[in-house]
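Trainee: starting from these lines, generate the structure:
(2 chains, ligands or ions: 2)
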Amino acid sequence: MTELLKAKKSIEIGARLLREKSPESTMLEHFFLRFAAWDAVADLPQPLQQGKGLYYILERASLPIEEYDLLLGRYDDHVPTPEEQEKLERLQESHKDGCPFEGTWGHTMFDWELIVTDGIAGLLRQTEQNLQTARDEGADPNIILVFEGMLWVHRAVVLYIERYGKAARAAGHLVSAEVCEQLVKGAPRTFHEALQLILFVYTIYLAHIGTTNCCLTLGRLDNTLLSLYENDLNSGALTEELAGALIDDFSAKLSLHLGRGEHQMAELQADYIFTGWQRNPVYDSPAYILLGGYSNTRNHKENPLTLLFAKHIHPELKNPIYICRYTGDRHDELWNILCEKMQQNASLILYNDETMIPAQRHIGIEEHNAINYSVYPCNWPEIDGGYSIFDQCCDSMPTILNRTLKARSDYANMDELFAEVDRTFTGQLRPTFEAYRAQYCSGEVAPDGMLGIKDCFMGGTIRSGRRMANGAAKYPAVYVRLRHIGTATDMLCAIDTLVFQKKICTLPQLLEAAERNFEGAEDLLHYCRKAPKYGTGDRLADEHACRLMNTLLDAVDREATNERGQRDIYTLNAGNADMFHIRVGSRMGATVDGRLAGEPLSEHFSPTVGYQKSVTSMLNSVAKLPFDRIHSGVLNLRLSRSMVAGEEGKMRLKALIESYFDQGGMQLQISVADTEELRHAKEHPEQHKDLLVRITGYSAVFVDLCQRGQDEIIRREEVR
Amino acid sequence: MKQAMLFDIQDFCTGDGPGIRTTVFFKGCNLSCRWCHNPESQNPTAQMLYYRDKCTHCGRCERVCPNGLETCDFCGRCEFICPNEARSISGKEYTAEDVMDRIRKDAVYYKNSGGGATFSGGECMLQIDALEELLKACKAEEIHTAVDTAGHVPYERFERILPYTDLFLYDVKCLDSAKHKAYTGVGNELILDNLKCLLAIGKPTWVRIPVIPTFNDTEEEMKEIKRFLDSCGTPERVELLPYHTLGEGKYVALCMEGTCFDVPDEEKMERLKMIFA
Ligand code: SF4
Ligand code: SF4
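Mentor: Ligands and ions are numbered 1, 2, ... in the order given. As a prediction, the model looks like this:
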């Protein structure tokens, strides 16, 4: 079989698995080895548990190889026999008190530049040397422990590669065997070796370490791998075709872990944990690859590897998610390919470099780091190279407003109301930031922190023996979540219009009506709903949205600056709602915008459903937000198939996106699916197994969503 | 400044000329096509659309109406208070500046898509002063302009706006004038003459033909139109627009009598389109 045929088969099987894998399929070996390792290292200090635990696992992990594999990196995932199932349940029961290994729950990114430049073998040598130096110099015992734990992690990875190399040789995969042998010795020297190394690290993280819902960003692979790719092309060791085949196999392997279903829209929290995560902790974890955008080292237009990756985006796969960085300088061939992929409903999200880089600069990130910004699943911003996120704070803007309105309700005008919003929010922010300062910005070595896997692949920790959350990070960063701006703006507009402008009622009357879920106040409810709404091109609403956002962001900037006037907390401001608009909405009483108790809030940066006027009005309004201070928060666009069909459709799609970004919009996520088609799929799932939709920074097979999830996607307004 | 009587301004129109466009709908028409899907566009004054099927007889509109519902002066209160969108005023006067505000806000989409503003109706040429002013204003801001017309106006009106109109969307219904009169209220001589003149001077024109079953949905009819067009010049495009039923509810809401036609099937549309390919 030629390389191209192997790659084709790999993609086909990858796409089929997504639709046909049994919901019962379980990563049994993952659990069995993990529990055994857990028992084996129970008495060690945590950093050694992390390191030796992983070594224990990777010493024993199975090393499956398929005849058509171009790259190695498979693992066990099968439907258990009754005996296996019984054993699994028993072990889960006896180990339910939490695992000592992995310090980071969820989403992360490693320093891929470092990994590709030095290889894990290189990191191992550096760690050995630094440990020796630390011992010689009598360093703090906690630093020595961190080095020791990290050393075992590096050893474990190298051991796994070595074992896979031997297995490959035995199976007659001689090219792969040689690739592994090099990776055991040192850094990758070719594109193939580098891609293989990244896949090994990814496989280990997802399949052997992975705690519930952990996901990994692979960063700007088109930059990280570029010089190796060009060297190989020049030396004749690689052709564009072969590189494309490797990328295909790589993409398919990034999807192997996926199971059926989706966690955010599951019926009940308990449901998904017990059906999904207990069988496979990463059953819907996306991998992110960033493509394109400005670069520190060369003109972004000239990156041939960006183009190659773009050509090999497969719309039938749900993974990886491509984060495509858009620059105002339109590079036609790349942009054209990306638009064609979007027409085919590929798993692709657009970020606007023209706002993201200024937004990173705004919080004090150095320019070269800002230019290299990255993104975590699911749509969380990240600084260059994975400088670590330690915490998340704040939440729903309607909650902030409700708290303000509870504080008092005798405002004479909107200015007074905004001043109180500022006071309320600052009161909440200050103690939180003080606590961060004490924890992350002090010079002390913390004695009892967890060594995370991320720490082991970051230059700061490898150099210093300090964990990322304890002094090794260049930018101690926290997420400031500012959610549901649509509902919050609508609340302000209703107050302004009904209380101050039209004087239809007083604020206490309005609040009281909302308190009663507008029962007996139907006229007032009606007026609330007719008041101006966010995202409709209405001037008042646009003004209130921006003013609210700026008021909160000003408070964030103020509180993130220390007494000496320096910014010491790097706040990544995110409007992501995930599915919290439904969850939080279901628990929240009626709001003054005319939203009844229990109804969903607005999603991400979208307007409240039902009020949208036209797609251009919506994009114009949203683009007015101060995105040069905001780091993420997607705008979901669901486009009808006819709207994007053919050359004219491509033109429309391009023009919509370009115009949104030209006006300062930040981030777009597009699904192509007709309302009718979704309704039909809900009724006849068997006929629509290939229908993918974007959730919140990742994709899902529509027919595998629960009913509520399907309804939510149908509810999103369609652009025709 | 001349006020324009409009019944709608729509953003993100993709069927009224090239690219992404804003379409301005003028109220008032001198034809009364039986298949018209915007019957509210025909009368040149404001009208109240009342959707009986949506009304729950809650009585709110009556309570807020200062004049009595039957002697309406279009104050808009009932429209605002009705919880069921059962009352809707069609027709409002706009200054040129109001309209330009709406057009301007999507300028970036026009630039990126090769779109612009389309003036449609009703028959926008009936309000020629306001139309001319708007077209001039668009040109001053380098916004591409299209005029969608049925063409039943003196040619002098075309001459007035020619310098500011980049494209005409020109309706042709059928070539038999008697039949044209029976279905639209007017003969087609003036319409066809004007089209000839436009094509003769090489003005970019898209000819648009509504395809109405039992009226003109045969190959013969289309071939006849094709022969006529060939004889007078080359339109940039010929578009066939299938009849649709979206306007039917509005006839009831306006207490007007409408005619229902069948919707032509896709296969037929494709066959007819081939005649002009
Ligand atoms: S307010 Fe609306 S629903 Fe109530 S009676 Fe009037 S038209 Fe009917
Ligand atoms: S628009 Fe005004 S005058 Fe006319 S029916 Fe409604 S409330 Fe009465």
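Trainee: where do the strands sit along chain B?
Mentor: Using DSSP state E, the strands of chain B run over B:4-13, B:21-26, B:47-50, B:87-90, B:92-94, B:116-120, B:144-149, B:167-171, B:205-211, B:237-242.
Trainee: which residue ranges of the stretch 151-300 of chain A form helices?
Mentor: A:174-185, A:191-203, A:221-224, A:226-235, A:240-254, A:269-272 (DSSP state H, counting those that start in this stretch).
Trainee: does residue A:75 count as helix, strand or coil?
Mentor: Secondary structure of residue A:75, reduced to three states by DSSP: H, G, I helix; E, B strand; the rest coil: coil.
Trainee: for ligand 1, see how far away the nearest residue to it once chain neighbours are set aside is.
Mentor: Excluding the flanking residues, the one nearest residue A:75 by Cβ to Cβ, 6 or more residues apart in numbering or on different chains is residue A:207, at 4.0 Å. (Glycine included, C-beta is placed from N, CA and C.) As judged by Cβ to the nearest ligand atom, to the nearest Å, residue A:207 and ligand 1 stand 60 Å apart.
Trainee: and residue A:207, what is it in contact with?
Mentor: Contacts were defined as Cβ atoms under 8 Å, 6 or more residues apart in numbering or on different chains; by that measure residue A:207 touches A:27, A:30, A:75, A:257, A:282.
Trainee: tell me the contacts of the one residue in the stretch 101-250 of chain B that gets nearest to ligand 1?
Mentor: For the stretch 101-250 of chain B, the residue closest to ligand 1 is residue B:249, as judged by Cβ to the nearest ligand atom, at 14.9 Å. Contact criterion Cβ under 8 Å, 6+ apart gives B:51, B:53 as the residues in contact with residue B:249.
Trainee: what about it, distance to residue B:36?
Mentor: With distances defined as Cβ to Cβ, to the nearest Å, the gap from residue B:249 to residue B:36 amounts to 13 Å.
Trainee: is stretch A:668-675 in proximity to chain B?
Mentor: No. Figure legend: stretch A:668-675 not in contact with chain B (Cβ under 8 Å from any Cβ of the partner chain); closest approach 14.3 Å.
Trainee: what does that stretch contact?
Mentor: By Cβ under 8 Å, 6+ apart, the surrounding residues in contact with stretch A:668-675 are A:342-345, A:348-350, A:379, A:634-642, A:644, A:653, A:657, A:660, A:691-694, A:697, A:702, A:713-714, A:716, A:718.
Trainee: angle of the helix or strand that contains residue A:134 against helix A:191-203?
Mentor: Counting by DSSP states H and E, the secondary-structure element that holds residue A:134 is helix A:112-136. Our comparison of helix A:112-136 with helix A:191-203, counting by axes from the mean of the first three to the mean of the last three Cα atoms, to 10 degrees, yields an angle of 70 degrees.
Trainee: contacts for helix A:112-136?
Mentor: A:143-144, A:147-148, A:150-151, A:154-155, A:157-158, A:161, A:183-188, A:194, A:197-198, A:201, A:218-221, A:224-225, A:228, A:385, A:456-459, A:462-463, A:465.
Trainee: mind checking which of those are buried?
Mentor: Among those, the ones that count as buried by 16 or more other Cβ atoms under 10 Å in any protein chain shown are A:143-144, A:147-148, A:150-151, A:154-155, A:157-158, A:161, A:183-184, A:187-188, A:194, A:197-198, A:201, A:218-221, A:224-225, A:228, A:385, A:456-459, A:462, A:465.
Trainee: filter the residues you listed down to the ones close to ligand 1.
Mentor: Contacts with ligand 1 are made by none of those, judged by Cβ under 6 Å from any ligand atom.
Trainee: ligand 1 contacts on the stretch 51-200 of chain B?
Mentor: Residues of the stretch 51-200 of chain B found near ligand 1 (Cβ under 6 Å from any ligand atom) are B:55-61, B:81-82, B:84, B:86-87.
Trainee: show me the contacts for residue A:338.
Mentor: Applying Cβ under 8 Å, 6+ apart, we find residue A:338 in contact with A:310, A:313, A:324, A:348, A:350.
Trainee: which of those residues fall within helices?
Mentor: Counting by DSSP state H, the contacts of residue A:338 place residue A:310 in helices.
Trainee: any idea which of the contacts of residue A:338 the model trusts least?
Mentor: Going through the contacts of residue A:338 one by one, the lowest pLDDT turns up at residue A:348, 88.
Trainee: which residue comes closest to it once chain neighbours are left out?
Mentor: Spatial nearest neighbour of residue A:348, excluding adjacent residues (Cβ to Cβ, 6+ apart): residue A:322 at 4.8 Å.
Trainee: about what we covered before: out of the strands of chain B, which is the most enclosed?
Mentor: Comparing the strands of chain B on average neighbours per residue, with mean count of other Cβ atoms under 10 Å in any protein chain shown, the densest one is strand B:116-120 at a mean of 27.
Trainee: go ahead and name everything in contact with that strand.
Mentor: Taking contacts as Cβ under 8 Å, 6+ apart, the residues outside strand B:116-120 that touch it are B:13, B:16-19, B:21-26, B:103, B:110, B:131, B:134-135, B:138, B:143-148, B:166, B:169.
Trainee: try it again with 7 Å
Mentor: Strand B:116-120 is touched from outside by B:13, B:16-17, B:19, B:21-26, B:103, B:110, B:131, B:134, B:138, B:143-148, with contacts defined as Cβ atoms under 7 Å, 6 or more residues apart in numbering or on different chains.
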